[in-house]
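Colleague: All I have is the shape, not the residue letters:
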């Protein structure tokens with residue numbers, strides 16, 4: 001436990017790399033995936049590969065963690081001696097997890113809960129978790145951490161493209177992205193989250209190669225607004241493509257403070273399907 005007795009609670013949809021979460025003692029609540037044969041816990045009892053294997057046969061439902069599970073974890077954190085808890089979740093506009101955690105926190109009044117709605121998804125949200133952990137490790141006060149995170153939320157974006165919008169549409173997570181956007185012409189939109197945390201189309205490109213080029217161009221352009229930034233490459237079961245994108249990105253952006261490569265969680269994979277490739281950019285100065 002750190003001297004300030006500050007803990008972090010997040011959900012599995014933030015895609016924080018497992019090794020990082022373990023090193024920094026980050027508490028993670030798994031989202032739930034409901035297939036016809038039972039309920040699975042995101043990243044605990046089911047893997048992304050298993051989700052992708054089953055998607056052609058059945059598109060499952062995803063659901064929020066149980067309030068009882070969240071309450072138990074918060075009480076566990078309090079009983080371990082922590083006095084302040086940063087609750088950092090994926091966008092409240094894309095999931096009810098943030099609101100459920102906010103309401104549940106009221107039942108643990110002796111724990112100072114600071115809630116951060118990242119307005120983002122996947123590693124775009126995970127960036128906030130990672131920065132919070134680093135600031136705690138460096139002895140930064142809770143008030144300063146909260147202030148910094150709220151600024152970083154406004155300076156973080158993840159851009160991604162998909163082979164198909166079928167799963168986003170069927171999962172009801174389409175936001176302001178048009179599901180019928182040129183499916184027969186292989187038009188692949190570059191998608192991000194707007195300031196309200198809702199999916200929207202940044203740009204449209206035709207074909208896999210052009211969509212990757214557009215993805216990299218948008219990420220590079222966003223990074224130009226800062227002298228110092230973190231980068232991440234996220235993928236949906238395509239590690240070789242992720243490595244290729246990382247190599248191309250390193251040629252375009254040479255001054256990143258850090259790189260992260262991560263696979264999207266099983267729950268997010270339900271809504272995006274296999275083949276997702278994304279680039280996260282967090283501007284920090």
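Modeller: Everything's here; your move. Please read all numbers here as calculations on a predicted model, not as lab measurements. Numbering: from 1, shown residues only.
Colleague: how about low-confidence regions in the stretch 101-250 of the chain?
Modeller: Residue ranges of the stretch 101-250 of the chain with pLDDT under 70: 171-185.
Colleague: residue boundaries of the helices in the stretch 151-285 of the chain?
Modeller: 166-170, 208-223, 239-252, 266-272 (DSSP state H, counting those that start in this stretch).
Colleague: Does anything pack onto the third one? Which helices or strands?
Modeller: By that I understand helix 239-252. helix 208-223, strand 229-235, strand 258-263, strand 277-283 (3 or more C-beta pairs under 8 Å, 6 or more residues apart in numbering; DSSP states H and E). The way it works is simple: take the backbone N, C-alpha and C, and place the C-beta from them, glycine included.
Colleague: Identify whichever of the ones you listed lies nearest to residue 142.
Modeller: strand 277-283 (20.5 Å; C-beta to C-beta).
Colleague: Quick check: neighbours of the closest one in the sheet, parallel or antiparallel?
Modeller: strand 156-161 (antiparallel), strand 229-235 (antiparallel) (DSSP bridges).
Colleague: what's next to that strand, contact-wise?
Modeller: Applying C-beta atoms under 8 Å, 6 or more residues apart in numbering, the contact partners of strand 277-283 are 122-124, 126-127, 131, 152, 155-161, 212, 215-216, 219, 222-223, 225-226, 228-236, 238, 241-242, 245, 249, 260, 264.
Colleague: Just give the closest residue to residue 261, not the sequence neighbours.
Modeller: residue 233 (4.8 Å; C-beta to C-beta, 6 or more residues apart in numbering).
Colleague: ignore the last one, residue 206
Modeller: Residue 206 sits nearest to residue 187 (C-beta to C-beta, 6+ apart), 5.2 Å away.
Colleague: pretty sure that neighbour contacts residue 208?
Modeller: No - taking C-beta atoms under 8 Å as the definition, residue 187 is not a contact partner of residue 208, at 11.4 Å.
Colleague: Next, the contact list for the residue nearest to residue 261, please.
Modeller: Per C-beta under 8 Å, 6+ apart, neighbours of residue 233: 242, 245-246, 249, 259-262, 277-280.
Colleague: In ChimeraX, how would I select the buried members of these?
Modeller: Here is the ChimeraX command that selects the buried residues among the contacts of residue 233 (16 or more other C-beta atoms under 10 Å):
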select :242,245,246,249,260,261,262,277,278,279,280
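Colleague: Excluding chain neighbours, give the residue nearest to the residue positioned nearest the centre of the chain in space.
Modeller: What sits nearest the mean C-alpha location of the chain, by C-alpha atoms, centre = their mean, is residue 122, with 1.6 Å. Using C-beta to C-beta, 6+ apart and skipping residues adjacent in sequence, the residue nearest residue 122 is residue 15, 4.6 Å away.
Colleague: May I have the phi/psi pair for that neighbour?
Modeller: phi 60, psi 30 (degrees, to the nearest 10).
Colleague: need the strands for the stretch 1-150 of the chain, in chain order.
Modeller: 6-11, 27-29, 32-35, 38-41, 61-63, 84-89, 112-117 (DSSP state E, counting those that start in this stretch).
Colleague: Nearest to residue 142, out of those?
Modeller: For the strands of the stretch 1-150 of the chain, the distance to residue 142 is smallest for strand 84-89, at 4.8 Å, taking C-beta to C-beta.
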